[in-house]
Structures are given as structure tokens and as C-alpha cells.
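Trainee: Need coordinates for the following:
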Amino acid sequence: MKKSNDDLILIVDALNLFTRHFVAHPARGVNGEHVGGIVGFMYAIADFSERFKPSQIIVVWEGGGSSRRRSIFKDYKQKRRPAKLNRFNEEGEMPDTVENRNHQISILVEIMKNLPIVQAYVPDCEADDVIGYISKYRFKDSRKLIVSSDKDFYQLLDNSTIIYSPTWKKFITRKEVLEKFEISPENFCLAKSICGDPSDNIAGVDRVGFKTLSKRFPEFSQQSSISISDVISKCKLMLSEGNNLKAIKNISESEGLIKRNWSLIYLDTANLAAHQISKINYILDNFKPDRKKIQVMRTLIREGIQTFNIDRLFLSLNHVGRT
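Mentor: This is a model prediction of the structure:
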């Protein structure tokens, strides 16, 4: 990554990044309340801005989940549990993390309203879909860096889009995905549709994982996209030629499941309503960057956050939002 990126757009999967710091950062306010999510998130933004020097930062929040996905599969993401702190308080008890988490997020939203950072929140849809739209359509030809540890974004990788994983602390490009999974980004969504995604409660085809898929279907590593019908047709051909491998048989009998999973995993406009797309465009078109340092200081003081380096934050954002 170059050190000067006048046209780079930094797109942050906000809840993904926040949760990472919420569960691990030990910072507390003067009143004893946990504030690690706020402090860790804002230091991460400062760090990304210093390192990558984007011309624009877009922070995308979850909008309450996708009703369209739930209409396709009612148990979508139903087994997810709220994030918990990875430590106990002084009394040896686990704090009320849900209430504290929600409060910290509300404070972050308040703080960033006073910064040159676009915040996108679109009700009744997922941040993934908003990021997918921004990346594939709104800024199709711009250089983009997506900050997230979510593998669903691998399908967005192309010559103008890369990912930075806060978990791995490294860039994810086409090369890394191909080397790790032997699956190209162009075919990663289809591969996940076949293998499933337990983290989202999406069941895959029995006995089929990425290794099995890449071994039996080397075309998954190619840059050209393959379709569900391509895979099903090949499975049926292999069975007719005497290949009785259980995984091949299971895939050939699971076309409906794979198509359902595709509709849940694929990032495109199919899971966005017209008014939601209009909302995204309105947010981007009407954003006016602010640099209200005093207001941010007042918020931090009110929340008992005394150790945060606000000067570093504002200095890191000097080049953001300048047109």
C-alpha cells in the first residue's frame, strides 16, 4: 500500500471493528465504566488514517439486519450470541455487556458526527449490503480499502478493491485468498454457498469444505466466474462416469440449498430496496465534513474518558474530506 493515497476510499465495517475492541480493550472511564470499545475504535481510525492516508472515510453501521434475508431463511443468524467482554470486573462478575455495548456505540456515533467521517446507517439492512453497494456501484472505479475480518467481503476483491483484516493485521488481496483457500474471489461466494457459513447459521452441503471443493473442482481457482448450474452439471457428469464420491453426490442433490445460500451470501442490490439505495446515495451526496474538536472533547469529558489522545486523532484526519 502506498503511503500517499489521494484517491483512496477507506470503508469501515463499523460493528466488526468495534466488537474487536469492545471485547478486548481494557480502558475504563473515571466512573469505572468500560469504554474500551470507544477508545480502541477511535485509535484504530486514527491509525488507519495515518497509515493509508485516504481521501475519504466511510463508516458503515448495521441497520438492524436484513428482512429480505430473513424472508428467505427465517433462522438466518439466529444462533449468534451478543459479544461479551473477555474479562471480569473487580468483583469477579461479568458486567451487563449489552447495555454497555449499546451505550458505547451511541457515543461513537455522536463523536464521529463532529469529524470528517461519513457515517452510513440504513434501517432494515446489513452493513455488508451497504458496503457491497458502495464498493461495486457507487465507487466502482475508485481505489478502495475495506476494513473488516468478515470473509463475505472476499467476493468484492478486484483490481481496485482490497481488504485490511484487523484480526490478521494484514492486507487481503486476490493472491492471499487464492493461496489460503485455492478459491478465487470471483468464485468465493459460490464456494461459501456450497460449504455454508456456521457463523451466520447457514448450513452447507454435507461433507463438503473448501479443500474438497478446490480439489474436485479446480475451476474454482480460475478468475472467470462459474455458476451453480456449472457445478451441478459437472457433478451429474462425474456420477454418470462412475465417480461415487459422497461429496459429489451430496452437491448434485443440493441445488436448492446452494441457491438459497447464494441469495443469502451474495453482495449485490438484490437484498436492498430502492429506498435503501436512495438513502445510501443521499448520505454520500449530502455529507459535509466537520472538525469540531471542542465538541468531541466535551463528549469525552462527559463520559469520563481522560486518557484519549484527541490531538493525534484530529491530526490524523487532516487530509480526510478535503476537496
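Trainee: tell me the contacts of the residue nearest to residue 186 when sequence neighbours are not counted?
Mentor: Counting by Cβ to Cβ, 6 or more residues apart in numbering, residue 186 lies nearest to residue 225, which is 4.7 Å off, once chain neighbours are set aside. Where you see a C-beta, it was placed from the backbone N, CA and C, and this is true even at glycine. Residues near residue 225 by Cβ atoms under 8 Å, 6 or more residues apart in numbering: 186, 187, 190.
Trainee: How much space separates residue 225 from residue 155?
Mentor: Computed as Cβ to Cβ, to the nearest Å, the residue 225 to residue 155 distance reads 10 Å.
Trainee: Please identify every residue contacting each of the two.
Mentor: residue 186.
Trainee: And this structure, what are its domain boundaries?
Mentor: Structural domains assigned to the chain are 9-173+267-316, 185-265, following automatic domain parsing.
Trainee: Mean pLDDT for those domains - can I get that in JSON lines?
Mentor: JSON lines is the format used below for those (pLDDT from 0 to 100):
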{"stretch": "domain 9-173+267-316", "mean pLDDT": "91"}
{"stretch": "domain 185-265", "mean pLDDT": "95"}
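Trainee: Distance check, the residue nearest to residue 186 against residue 320.
Mentor: Separation of residue 225 from residue 320 (Cβ to Cβ): 35 Å.
Trainee: same check, this time on residue 258
Mentor: Separation of residue 258 from residue 320 (Cβ to Cβ): 42 Å.
Trainee: For stretch 117-125, measure first residue to last.
Mentor: 21 Å (Cα to Cα, to the nearest Å).
Trainee: Check which residues of that stretch are buried.
Mentor: If you call a residue buried by 16 or more other Cβ atoms under 10 Å, then stretch 117-125 has these buried ones: 117, 118, 119, 120, 121, 122, 125.
Trainee: got a list of what the second one touches?
Mentor: With contacts taken as Cβ under 8 Å, 6+ apart, residue 118 has the following neighbours: 56, 57, 58, 59, 283, 284, 287.
Trainee: Next: the first one.
Mentor: Applying Cβ under 8 Å, 6+ apart to residue 117 gives the contacts 45, 57, 58, 59, 289, 317, 320, 321.
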